[in-house]
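Peer 1: Next one to model:
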Amino acid sequence: MKTKNADMSDRSQGELAAGVLKQAAWDLRRFRRAKSTIGRELYLDAYRWLTADEYSWPFSFLNVCQLLNLAPETVRQELTERFVRRPHHRV
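Peer 2: So this is what the prediction gives:
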C-alpha cells in the first residue's frame, strides 16, 4: 500500500519527467537553426539527451520515457522527424 507521500512523490517525478521532455522538445525546436554559441549548445545538449541510450542518470531520456510509460523509439523518432535539423543538400 502506498502512502500519500509516496503517491505525491510518484506524481512529482512524473511531472518533472514530463517537464524535462517538454524542455528538450522546446530546445530542439527553438535552437535547431541557432547561430549563437549558446543556442547551438542548447540544441546539442537536447539532441545528445534524446539520442543517449543511458539509464545511469535519473532523468535520462530512457528513464523519462519509462516514467511516462512512453515507447522511447517512438518518441525519439517523432522528435527527430519534427525538430532535428537536416544537412542542406545542394542541387
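Peer 1: show me where pLDDT drops low in this structure?
Peer 2: 1-8, 86-91 (pLDDT under 70).
Peer 1: which one's the longest helix in it?
Peer 2: Assignment by DSSP state H gives helix 4-31 as the longest helix of the chain.
Peer 1: Next secondary structure element downstream of that one?
Peer 2: Scanning forward in sequence from helix 4-31 by DSSP states H and E, the next helix or strand is helix 37-51.
Peer 1: Convert the C-alpha atoms of stretch 67-74 to CSV, please.
Peer 2: C-alpha atoms of stretch 67-74 as CSV (Å, rounded to 0.1, in the frame of the first residue of the first chain):
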residue,chain,number,x,y,z
LEU,A,67,8.4,7.1,-16.0
LEU,A,68,5.8,8.4,-18.5
ASN,A,69,5.0,5.0,-20.0
LEU,A,70,6.1,6.1,-23.4
ALA,A,71,7.9,4.0,-26.1
PRO,A,72,11.4,5.6,-26.4
GLU,A,73,11.9,4.8,-30.0
THR,A,74,8.5,6.2,-31.0
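Peer 1: For it, give me every contacting residue.
Peer 2: Stretch 67-74 is contacted by residues 13-14, 17-18, 21, 61-62, 64-66 when judged by C-beta atoms under 8 Å, 6 or more residues apart in numbering. Yep, even glycine has a C-beta here, placed from its N, CA and C like the rest.
Peer 1: can you put these in CSV and add neighbour count and distance to Val75?
Peer 2: Output for the contacts of stretch 67-74, formatted as CSV (neighbours: other C-beta atoms under 10 Å; distance: C-beta to C-beta, whole Å):
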residue, neighbour count, distance to Val75
Gln13, 16, 17
Gly14, 14, 15
Ala17, 19, 12
Ala18, 14, 12
Leu21, 21, 7
Phe61, 24, 8
Leu62, 15, 10
Val64, 23, 9
Cys65, 18, 6
Gln66, 13, 11
